[in-house]
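**Student:** just need the structure, nothing else, for what follows:
(chains A and B)
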2 protein chains.
Amino acid sequence: MKVEIAKYSGYCFGVKRAMDMAWEELMENSENTQKQIYSIGPLIHNNQAMQKYKDKGLLIEEKVENIEKNSIAIVRSHGLSKYFYDKMEEKSIKVVDATCPFVKKIQDIVYKSHISGSKIILIGDRNHPEIIGINGWAEDSSIIINSLDDASSFEVDEHSDYIVVVQTTYKLEKYQQIEKILKNRLKKVEFFNTICYATRERQDAAGKLSKIVDAMIVVGGKNSSNTKKLAEICAENCDTFLIETAEELDLEKIKNFEKIGISAGASTPDFIIKEVEDLLLTK
Amino acid sequence: MKVEIAKYSGYCFGVKRAMDMAWEELMENSENTQKQIYSIGPLIHNNQAMQKYKDKGLLIEEKVENIEKNSIAIVRSHGLSKYFYDKMEEKSIKVVDATCPFVKKIQDIVYKSHISGSKIILIGDRNHPEIIGINGWAEDSSIIINSLDDASSFEVDEHSDYIVVVQTTYKLEKYQQIEKILKNRLKKVEFFNTICYATRERQDAAGKLSKIVDAMIVVGGKNSSNTKKLAEICAENCDTFLIETAEELDLEKIKNFEKIGISAGASTPDFIIKEVEDLLLTK
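**Tutor:** As a prediction, the model looks like this:
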């Protein structure tokens, strides 16, 4: 059996950076200061990976109110609203800011535009932590749009300037449709296409590989929307199996394929991808 | 004497990431494969830092023709043109791609737009490796603009679609002036403000600190334009000294200041910033 891992499988650079920054902080702290280290929300939605961090002393906490003074807090790649930073400063908490630089750029645009009096339009999922965080840099005053209907129906203030930003993982085609509607409705508007290329790159690479193998294994959370999307793309080209861990691999079903490809969602650690690869190679 | 280091001093995240990726590769390689590792161009313009990498076996090479087959090549944060990637694939060279993700996004936009037939406008310095690399994703066909004159004078093709991208370190105000001219001249045009926030963040932090200290030490290359800009900003608020290394610090001149701030350019390693801080603290 031949096995090939698709390019750009697993962590995007923003998630990898956050995981590395948190790990470095945990290592350094265990040698030196011995302060409590928190992550505000889980760094990624993968229990196996998070357990390793918890074993080194990381506490996951959602509310800044529950974080003790003079401790250390990691801001995960999704970013946080200004409120958290202000509170952490008040409480003399050392901030390890692992906000994805692409998200940071959006926060920066939104904050400056909000201060200068523009109205903010966020295209994205209002329940996603990235969007909640970004909105917090405009005092939660943004217009949040996630459908063509949303784009057509909000009340336009003719006297206002608008700026438009987009969730980093948003689908380009959908953004372009929404942009078209907004261009027609708004007179004074500036668009920032802040979509990150990493999701598309991962999808393109998985799609390309799925065309030249007999089957694809997609590794990632069953509730992860980017993982499900990867599996959908691959399933158009070959038999595709979605698993969360190597243990879920049904070897009986795949034993007759000659060439197998692997791809993995943005929250899947390298060591799980490696486990799947190793298991396939021993068969 | 009190000493404070400005936030965001030294490496931006893209440079830090490239330095880390190169170091990891050197460490891993010395344990395992023992292949020759190249960097295409110096990772940063700092001799002291680069010497450490050379001591671990890194060779710096400008031309892909001079890189041997089956070796390992690091693409530095500035990125490279498509030509290099094609050549490296031909020669079975393993690519460690440390292109800054913000630059990668620009390359991605330019490549896709070029393929779909749009004309590309690059705002930036035509001699900067970032711009040379980006242009290489449009078969060197871009219109490169670096002044209001450039923006007013190139020949417009009425039948073409245009897209506009900007060098990541470009000055926002200058971009906005150029954008205004282009908006007037071009009918079918899409703008991507691809300026990265890191330079401005570093400048803002240095400026803020320079207002509450008695003197500032700015650490960085004397030929580095971002370092000189930092020193200019600080000099508006307090006595400012630009040095490349701790040895250049004139202790006689600064001994009477009570509170001293430190900032550093994008190519200054942390260990040099630390040397400067330590030297001040012992006085």
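**Student:** helices of the stretch 151-283 of chain A, start to end?
**Tutor:** Using DSSP state H, counting those that start in this stretch, the helices of the stretch 151-283 of chain A run over A:172-185, A:198-210, A:225-235, A:251-254, A:270-281.
**Student:** now those in JSON lines, with mean pLDDT, distance to residue A:92 and mean neighbour count?
**Tutor:** Placement of C-beta: from N, CA and C, glycine included. JSON lines is the format used below for those (pLDDT from 0 to 100; distance: least, C-beta to C-beta, whole Å; neighbours: other C-beta atoms under 10 Å in any protein chain shown):
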{"stretch": "helix A:172-185", "mean pLDDT": "95", "distance to residue A:92": "40", "mean neighbour count": "14"}
{"stretch": "helix A:198-210", "mean pLDDT": "93", "distance to residue A:92": "35", "mean neighbour count": "20"}
{"stretch": "helix A:225-235", "mean pLDDT": "92", "distance to residue A:92": "37", "mean neighbour count": "20"}
{"stretch": "helix A:251-254", "mean pLDDT": "90", "distance to residue A:92": "54", "mean neighbour count": "11"}
{"stretch": "helix A:270-281", "mean pLDDT": "94", "distance to residue A:92": "36", "mean neighbour count": "17"}
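**Student:** and of those, who's closest to chain B?
**Tutor:** Closest approach to chain B among the helices of the stretch 151-283 of chain A (C-beta to the nearest C-beta): helix A:198-210, 7.6 Å.
**Student:** still on that earlier bit, mind putting the helices of the stretch 151-283 of chain A in CSV, distance to residue A:164 included?
**Tutor:** Conversion of the helices of the stretch 151-283 of chain A to CSV gives the following (distance: least, C-beta to C-beta, whole Å):
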stretch, distance to residue A:164
helix A:172-185, 6
helix A:198-210, 19
helix A:225-235, 23
helix A:251-254, 45
helix A:270-281, 36
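**Student:** dump the ones you listed to TSV, plus distance to chain B.
**Tutor:** Formatted as TSV, the helices of the stretch 151-283 of chain A follow (distance: least, C-beta to the nearest C-beta, whole Å):
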stretch	distance to chain B
helix A:172-185	10
helix A:198-210	8
helix A:225-235	17
helix A:251-254	29
helix A:270-281	13
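**Student:** so which of the ones you listed comes closest to residue B:59?
**Tutor:** With C-beta to C-beta as the criterion, residue B:59 lies closest to helix A:270-281 of the helices of the stretch 151-283 of chain A, at 27.8 Å.
**Student:** in chain A, which spans are strands?
**Tutor:** A:2-5, A:37-40, A:59-61, A:72-75, A:94-97, A:119-123, A:143-145, A:162-166, A:189-191, A:215-219, A:239-243, A:259-264 (DSSP state E).
**Student:** tell me which of those strands sits most buried.
**Tutor:** The highest mean neighbour count among the strands of chain A, using mean count of other C-beta atoms under 10 Å in any protein chain shown, belongs to strand A:215-219: a mean of 26.
**Student:** and that strand, what does it pack against?
**Tutor:** Secondary-structure packing of strand A:215-219 (3 or more C-beta pairs under 8 Å, 6 or more residues apart in numbering or on different chains; DSSP states H and E): helix A:198-210, helix A:225-235, strand A:239-243, strand A:259-264, helix A:270-281.
**Student:** great, nothing more from me.
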